[in-house]
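# The sequence and its predicted three-dimensional model are supplied below.
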Amino acid sequence: NISQPEHRPWQQIQWHGHYPNIRMMHWVRLEERFRRKILNNDELADGYNYNSRIRYNFFLQIPLNKKKFTPGGFSFVVNDEVHLNFGDEIVYNTFDQNRFFAGFQYQLAKTTAVQFGYMNQFIQTAAGNAYRSNHVARVFLLQNLDLRKK
């Protein structure tokens, strides 16, 4: 196995739905993927292949206690993200992967939370005609920064 270097600039549109008892977030991301060329599956070659990938993410958070989204709040979280490839180099592998997450979030402070749970990553292998399902325990520390001038 060889590690394939990749440069991936991206643009994203994100929108939120805030309701008294539910938080929803959607985003769509367009990635420009410059992936290093590989020879014989075991050697890096000169140059890069270019293709694009679009990702759609849906996030839902439901509070489980009276604190809701304030410090001390505990919530159920579900998230699904689909990755689709497109471009001249893409023939058999339009579907790249799907990441499904279910877990919990604990609000430590107004701008800090910890999220933990199970993620299933269903991913197409490099061969293009086989898929793999990865079962992952995931832990995130989330920090929201407000960089607006006051």
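Sure, I can see it.

# from here on, contacts and neighbour counts on C-alpha atoms
Noted.

# Give me the longest strand you can find in the chain.
As assigned by DSSP state E, the longest strand anywhere in the chain is strand 43-63.

# Show me what that strand packs onto, helices and strands only.
With contacts taken as 3 or more C-alpha pairs under 8 Å, 6 or more residues apart in numbering; DSSP states H and E, strand 43-63 sits against strand 23-39, strand 74-86.

# Can you give me the buried ones in the longest one?
What that stands for is strand 23-39. Neighbour-count burial for strand 23-39, counted by 16 or more other C-alpha atoms under 10 Å, picks out 23-24, 26, 28, 30-38.

# Same check on stretch 114-134?
Per 16+ other C-alpha under 10 Å, stretch 114-134 contains these buried residues: 114-124.

# can you check stretch 85-105 too?
For stretch 85-105, by 16+ other C-alpha under 10 Å, it's 85-86, 93, 95-105.

# Tell me how far it lies from the chain's centre.
10 Å (C-alpha atoms, centre = their mean, to the nearest Å).

# swap in stretch 46-59?
That offset, for stretch 46-59, works out to 12 Å (C-alpha atoms, centre = their mean).

# mean confidence score for it?
In this model, stretch 46-59 has a mean pLDDT of 96.

# from now on call the first residue 42
Done: numbering now begins at 42, and the last item shifts to stretch 87-100.

# Alpha carbons of that stretch, in CSV - could you do that?
Coordinates of each C-alpha in stretch 87-100 appear next as CSV, following Å, rounded to 0.1, in the frame of the first residue of the first chain:
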residue,chain,number,x,y,z
ASP,A,87,5.2,12.8,-11.4
GLY,A,88,2.2,15.0,-11.7
TYR,A,89,-1.4,14.9,-10.4
ASN,A,90,-4.8,13.7,-11.6
TYR,A,91,-7.7,16.1,-11.2
ASN,A,92,-11.3,15.4,-10.5
SER,A,93,-14.1,16.9,-8.4
ARG,A,94,-16.2,15.7,-5.5
ILE,A,95,-19.4,17.0,-4.1
ARG,A,96,-20.5,16.3,-0.6
TYR,A,97,-23.9,16.7,1.0
ASN,A,98,-24.2,16.6,4.8
PHE,A,99,-27.3,16.5,7.0
PHE,A,100,-27.1,17.0,10.8
